[in-house]
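K.L.:
pasting the structure only:
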């Protein structure tokens, strides 16, 4: 089955554009143009475009327009990315382990999306919806949960008589506690 949409790299203008399902996605283009004007590299724009395309495809399978996406959709995407094989795993074959890098000695890409990839996806979506809200493009809320609001103090209600434990993980962050990675938006 052929997947809907694609990322195109035109010869001039914006380095990449999201076409979904068969026409250029206006909100994605506006977002990518804003990033481009902010001096983001073409590689960053390409990465963001592919993350947006993944999101639009995922929502399409759920019969949900991007403007109507909710937190539950974001959670479902995270769960999907934690379980779904990556394109590299499919090309390599699901029964073959990731090879070791001859130079670094590190294991190659795994079967499912890494915590870094999932966190990047969440950051892209959070930024996209913040931009859409700022530009009055449709959604009423950003469906990507934040660890805390910009104006709030982290652990403001901490009881000073209890041991203090720092939590660096954002809601739905894919990073496991042992890895020490955090998603910050």
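P.N.:
Yep, it's here. Given the structure is predicted, the values throughout are model-derived calculations rather than measurements.

K.L.:
Could you verify my assumption that residue 131 touches residue 31?
P.N.:
Yes. Assessed by C-beta atoms under 8 Å, residue 131 is found in contact with residue 31 at 5.0 Å. Quick note: C-beta positions are derived from backbone N, CA and C, even for glycine.

K.L.:
host element of the closest residue in space to residue 64 that isn't next to it in sequence?
P.N.:
Spatial nearest neighbour of residue 64, chain neighbours left out: residue 73 (5.9 Å); criterion: C-beta to C-beta, 6 or more residues apart in numbering. Under the criterion of DSSP states H and E, residue 73 resides in helix 71-83.

K.L.:
Same check on residue 160?
P.N.:
Residue 160 belongs to no helix or strand, assigned by DSSP H and E.

K.L.:
Going by residue numbers, what spans are helices in this protein?
P.N.:
With helices called from DSSP state H, the chain shows them at 26-37, 42-61, 71-83, 87-92, 115-134.

K.L.:
Take those helices and lay them out in a markdown table including distance to residue 4.
P.N.:
A markdown table is the format used below for those (distance: least, C-beta to C-beta, whole Å):
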| stretch | distance to residue 4 |
| --- | --- |
| helix 26-37 | 14 |
| helix 42-61 | 6 |
| helix 71-83 | 16 |
| helix 87-92 | 16 |
| helix 115-134 | 18 |
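
K.L.:
weakest of those by average pLDDT?
P.N.:
Comparing mean pLDDT across these, the lowest value falls on helix 87-92: a mean of 67.

K.L.:
What are the buried residues along stretch 72-82?
P.N.:
By neighbour count on 16 or more other C-beta atoms under 10 Å, the buried set for stretch 72-82 is 73, 74, 76, 77, 78, 81.

K.L.:
hang on, isn't residue 56 packed against residue 18?
P.N.:
Yes. Counting by C-beta under 8 Å, residue 56 does reach residue 18; the two are 7.2 Å apart.

K.L.:
right, and residue 83 touches residue 112 too?
P.N.:
Yes. Using C-beta under 8 Å, residue 83 is in contact with residue 112, at 6.1 Å.

K.L.:
Just want to know which of the two has more residues nearby.
P.N.:
The neighbour count for residue 83 versus residue 112, taken as other C-beta atoms under 10 Å, is higher for residue 112 (17 against 10).
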